[in-house]
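Participant: With the input below, show me the fold.
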Amino acid sequence: RGTGVNKNDLVSAVAGETAMSKAQVLSAIDAAINVISRTLRKGEDVRLVGFGTFYVASRKACKGRDPRTGQPIYVKPTRQPKFKAGKVFKESLGR
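Facilitator: Below you'll find the model as predicted:
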């Protein structure tokens, strides 16, 4: 496994494949992330056909155990963002 791609790498790569400047690409990526976040906060899914779906999963409250002390603790319910890859995207990765 490599080190991956960070946001700056992504901006440079997209700018290299389009006629957009790095500033325009950065603005577009930031806007897309904001729209996805806002939509998920409303409890709605974001479906990108051919890529995948962003959605929110709710986790119920439960009893847990503090790993340091071993004492039982209460774990609050949470909402967590999730991503499910679409069929076309999965197939593009090969086996």
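Participant: And the most centrally placed residue in the chain, how far from residue 59?
Facilitator: Taking CA atoms, centre = their mean, the centroid of the chain lies closest to residue 83, which sits 5.9 Å from it. Taking CB to CB, to the nearest Å as the measure, residue 83 falls 16 Å from residue 59. Glycine gets a C-beta too; all of them are placed from N, C-alpha and C.
Participant: Please apply the same query to residue 51.
Facilitator: 25 Å.
Participant: Compare neighbour counts for those two and give me the winner.
Facilitator: residue 51 (14 against 11; other CB atoms under 10 Å).
Participant: pLDDT wise, what is the more buried one at?
Facilitator: pLDDT, residue 51: 95.
Participant: any idea how far residue 88 is from it?
Facilitator: In terms of CB to CB, residue 51 sits 8 Å off from residue 88.
Participant: Please apply the same query to residue 34.
Facilitator: Distance from residue 34 to residue 88, by CB to CB: 25 Å.
Participant: got a list of contacts for stretch 12-24?
Facilitator: The contact list for stretch 12-24, computed with CB atoms under 8 Å, 6 or more residues apart in numbering, reads 5, 11, 25, 28, 29.
Participant: if you set the cut-off to 6 Å instead, what comes out?
Facilitator: With contact meaning CB atoms under 6 Å, 6 or more residues apart in numbering, stretch 12-24 is reached by 11, 25.
Participant: Buried ones in that stretch, by neighbour count?
Facilitator: 14, 15 (16 or more other CB atoms under 10 Å).
Participant: Just the CA atoms from the longest helix belonging to the chain would do, formatted as PDB, please.
Facilitator: In the chain, assigned by DSSP state H, the helix with the most residues is helix 22-41. Provided in PDB are the C-alpha atoms of helix 22-41 (Å, rounded to 0.1, in the frame of the first residue of the first chain):
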ATOM      1  CA  LYS A  22      -6.200  24.500  -8.800                       C
ATOM      2  CA  ALA A  23      -8.200  27.300  -7.100                       C
ATOM      3  CA  GLN A  24     -11.300  26.400  -9.000                       C
ATOM      4  CA  VAL A  25     -10.900  22.700  -8.300                       C
ATOM      5  CA  LEU A  26     -10.300  23.400  -4.600                       C
ATOM      6  CA  SER A  27     -13.500  25.500  -4.500                       C
ATOM      7  CA  ALA A  28     -15.500  22.800  -6.200                       C
ATOM      8  CA  ILE A  29     -14.200  20.000  -3.900                       C
ATOM      9  CA  ASP A  30     -14.900  22.100  -0.800                       C
ATOM     10  CA  ALA A  31     -18.400  22.900  -2.100                       C
ATOM     11  CA  ALA A  32     -19.100  19.200  -2.800                       C
ATOM     12  CA  ILE A  33     -17.900  18.200   0.700                       C
ATOM     13  CA  ASN A  34     -20.100  20.900   2.200                       C
ATOM     14  CA  VAL A  35     -23.200  19.800   0.300                       C
ATOM     15  CA  ILE A  36     -22.600  16.100   1.200                       C
ATOM     16  CA  SER A  37     -22.200  17.100   4.900                       C
ATOM     17  CA  ARG A  38     -25.200  19.300   5.000                       C
ATOM     18  CA  THR A  39     -27.300  16.600   3.300                       C
ATOM     19  CA  LEU A  40     -26.200  13.900   5.700                       C
ATOM     20  CA  ARG A  41     -27.000  16.200   8.700                       C
END
